[in-house]
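Undergrad: Based on what follows, work out the 3D shape:
(chains A and B)
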Amino acid sequence: MYQSHIFIPTRSTPATDEPSKNGKLLQQAGFVDKLHAGVYSWLPLGLRVLNRVSAIVREELNQHGAVEILMPALQPKSLWDETGRWEKLKEIMYQWEDGSRHHVGLASTHEEVIVDLMRRADLTYRDIPQSMYQFQWKFRNEPRAKSGVLRGREFLMKDQYSFHASAEDLATYYTGMQAVYLNIYKRLGLDAHVVEASGGTFTKRHSHEFQVFNPAGEDRLLRCEKGDYIQNTELGTPTVCPTCGGTMVEEKSIEVGNIFNFGDYYGTTMRCTFTDQLGKRQPLFVASYGIGITRLVGTIAEVLADEKGLVWPSNVAPFYGHALLVGKVDDALRKRAEAFEASMPENILLDDRDVSPGYKLKDADLIGIPFRIIFSARQGEHVEVTERATGTTEVLTVDQARAKLSAL
RNA sequence: CGGGGUGUGGCGCAGUUGGUAGCGCGCAGCGUUCGGGACGCUGAGGCCGUGGGUUCAAGUCCCACCACCCCGACCA
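TA: This is a model prediction of the structure:
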């Protein structure tokens, strides 16, 4: 990809009204554009990252037997009335009456829709368990959107719902999902911890959050100084670790996932049942699993960025290599750089713009592609390859540089 | 939703007792330059957030509204 052909509106200075690191850098580097509070356009680079994060999540879920679907964001009031959530969520749910006098809302979550779907499927014990997920834009009228893309009013979420014949079967799958989630975070370069949490409106104690310690977070966790014990402050504030007696310290963290075990709540409340081996109707056991994809991108930006700009791990980076034509460029040099780009056009961004070297170098730092490859008269037939994260530089042949990127 | 702050070219900002709307960056053209956001010359670009009011005269004073930001509350 040629940089002159892709829309990357970088700025020399960050927005002054954006205090969060992720929001500041994602905007300054041209990954996102803020339209209004908590609502962003995802520009070419940002969308690439978003898609790569989604791909990793998708891959992990598919391996755990989940299947992708897509449900509507626009939903009727009647469904939500069954659980009383239309009223309960009216503060944060966008709700209105349309031109035909129908009451509709934009979904912030999809339990009601999928439970309705499953109950109308007339399931038998042979049909379950089932686990389905979607990637979808959620809407929440946050009273105060903040922290860049970490808390938006419109955000991309992977939400997933599993249906089981028994509490035991659900528990097994639910536990498995915890491992899947931890694996996802690991692949994204994030050090996440499972924490027991209050379940919000519907479940008490049957919810787990996945937390990444970071000063930009809005949650506060208590962490044992000595061991791994972590507890959410929502559940009270012990000063001593219950497992080892060590001192508990409060730290901020970002919630990067939340899973809920609803037991038979939906099965009974919405009469979502299946027929068992004896021909009897039994309530289904339901759990849901959420990961905010846009929040994940923000978290990665927040955690890994340095004072020069963004730093992307190679498995979510928008490109593997950022090739820069630097200095006085003659035809032969340009041809070499273009051939390099042509060999891996999807993974190499070639800065072919007619701007000064310093301008290109600053932009490259800001954008944070894992490897920077400089084509310059100074290196002759060779290229200078610098790793963004470490600053480590080596002079390689073009073939060696290509091999390095191919290995990512 | 309470408290506080800010709205002026694309971005960042200045604008004094009310009296012709400015600066830096960026942008366009030409030339020079070419390894850490280069330089010169020329040039384009502004319902001063919106609506009312006071005044001979409003970016400036008054009222209302809107938007954005911060603190708090809230947070399937």
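Undergrad: Please export the C-alpha coordinates of the strand or helix carrying A:V212 as PDB.
TA: Secondary structure here is read from DSSP states H and E; on that basis A:V212 sits in strand A:203-213. Output of strand A:203-213 as PDB, limited to C-alpha atoms (Å, rounded to 0.1, in the frame of the first residue of the first chain):
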ATOM      1  CA  THR A 203     -27.100 -11.800  38.500                       C
ATOM      2  CA  LYS A 204     -25.300 -11.600  41.800                       C
ATOM      3  CA  ARG A 205     -21.900 -13.100  42.100                       C
ATOM      4  CA  HIS A 206     -22.200 -15.000  38.800                       C
ATOM      5  CA  SER A 207     -20.100 -12.700  36.700                       C
ATOM      6  CA  HIS A 208     -16.500 -12.400  35.900                       C
ATOM      7  CA  GLU A 209     -14.600  -9.400  34.500                       C
ATOM      8  CA  PHE A 210     -11.300  -9.400  32.700                       C
ATOM      9  CA  GLN A 211      -9.100  -6.600  33.800                       C
ATOM     10  CA  VAL A 212      -5.900  -5.100  32.600                       C
ATOM     11  CA  PHE A 213      -4.100  -3.000  35.200                       C
END
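Undergrad: Name the residues that touch that strand?
TA: Contacts made with strand A:203-213 from outside it, assessed by CB atoms under 8 Å, 6 or more residues apart in numbering, are listed as A:178, A:181-182, A:185, A:190-200, A:217, A:219, A:221, A:223, A:230, A:232, A:251-263, A:265, A:291, A:299, A:303. Just so you know, the C-beta spots here come from the backbone N, C-alpha and C atoms, and that holds for glycine as well.
Undergrad: Next: stretch A:9-17.
TA: Counting contacts by CB under 8 Å, 6+ apart, the residues outside stretch A:9-17 that touch it are A:23-25, A:27-30, A:33-34, A:43, A:362-363, A:366-367.
Undergrad: With just CA atoms, put it into CSV.
TA: Included here for stretch A:9-17 are C-alpha records, laid out as CSV according to Å, rounded to 0.1, in the frame of the first residue of the first chain:
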residue,chain,number,x,y,z
PRO,A,9,-4.6,12.4,8.5
THR,A,10,-1.7,12.7,11.0
ARG,A,11,-1.3,15.9,13.0
SER,A,12,1.9,17.5,14.3
THR,A,13,0.1,18.2,17.6
PRO,A,14,-2.5,16.2,19.5
ALA,A,15,-6.0,17.6,20.2
THR,A,16,-6.0,19.8,23.3
ASP,A,17,-9.4,18.7,24.5
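Undergrad: Give the buried residues for that stretch.
TA: Taking 16 or more other CB atoms under 10 Å as the neighbour-count basis, stretch A:9-17 is seen to contain the buried residues A:10, A:14.
Undergrad: residue ranges with poor pLDDT in the stretch 201-350 of chain A?
TA: The model of the stretch 201-350 of chain A has pLDDT under 70 over residues A:201-205, A:234-238.
Undergrad: and if we set it to 90?
TA: Flagging of the stretch 201-350 of chain A using pLDDT under 90 yields the residue ranges A:201-207, A:218-251.
Undergrad: quick revisit: which of the contacts of stretch A:9-17 fall in strands?
TA: Restricting the contacts of stretch A:9-17 to those inside strands, with DSSP state E as the criterion, leaves A:33-34.
Undergrad: how close does the most far-flung residue of chain A relative to its centre get to RNA strand B?
TA: When distances to the mean C-alpha position of chain A are computed (CA atoms, centre = their mean), the maximum falls on A:L278, with 43.1 Å. A:L278 sits 29 Å away from RNA strand B when distances are taken as CB to the nearest atom of the strand, to the nearest Å.
Undergrad: Give the ChimeraX command for selecting the buried subset of the contacts of strand A:203-213.
TA: Those of the contacts of strand A:203-213 that count as buried under 16+ other CB under 10 Å are selected in ChimeraX with:
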select /A:181,182,185,190,192,193,194,195,197,199,217,219,221,223,230,232,251,253,254,255,256,257,258,259,260,261,262,263,265,291,299,303
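Undergrad: Please enumerate the strands of the stretch 201-350 of chain A.
TA: When assigned using DSSP state E, counting those that start in this stretch, the strands of the stretch 201-350 of chain A occupy the ranges A:203-213, A:219-224, A:230-232, A:248-261, A:273-275, A:281-283, A:285-292, A:321-326, A:348-351.
Undergrad: will you turn those into TSV that also has distance to A:I114?
TA: Listed next are the strands of the stretch 201-350 of chain A as TSV, based on distance: least, CB to CB, whole Å:
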stretch	distance to A:I114
strand A:203-213	17
strand A:219-224	27
strand A:230-232	27
strand A:248-261	13
strand A:273-275	14
strand A:281-283	15
strand A:285-292	9
strand A:321-326	41
strand A:348-351	39
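Undergrad: What residues are bridge-paired with the closest residue in space to A:T392 that isn't next to it in sequence?
TA: Beyond its immediate neighbours in the sequence, the residue positioned closest to A:T392 (CB to CB, 6 or more residues apart in numbering) is A:T386, lying 6.9 Å away. For A:T386, the beta-bridge partners under DSSP bridges are A:R372, A:T393.
Undergrad: A:T386 against A:A401, yeah?
TA: No. With contact defined as CB atoms under 8 Å, A:T386 and A:A401 do not form a contacting pair (10.8 Å).
Undergrad: Neighbour count: the two, which is higher?
TA: Looking at A:T386 and A:A401 with other CB atoms under 10 Å, you find the greater number of neighbours at A:A401, namely 24 against 20.
Undergrad: Would you mark the buried spots in the helix or strand hosting that one?
TA: When elements are defined using DSSP H and E, A:A401 is found to belong to helix A:398-406. By neighbour count, with 16+ other CB under 10 Å as the criterion, the buried positions of helix A:398-406 are A:398, A:401-402, A:404-405.
Undergrad: what's the burial count for A:V149?
TA: The number of residues packed near A:V149 is 30, by other CB under 10 Å.
Undergrad: Equivalent analysis for A:I374, please.
TA: 26.
Undergrad: Where does the record place the domain boundaries for chain A?
TA: Segmentation of chain A into domains, based on automatic domain parsing, reads A:8-304, A:321-406.
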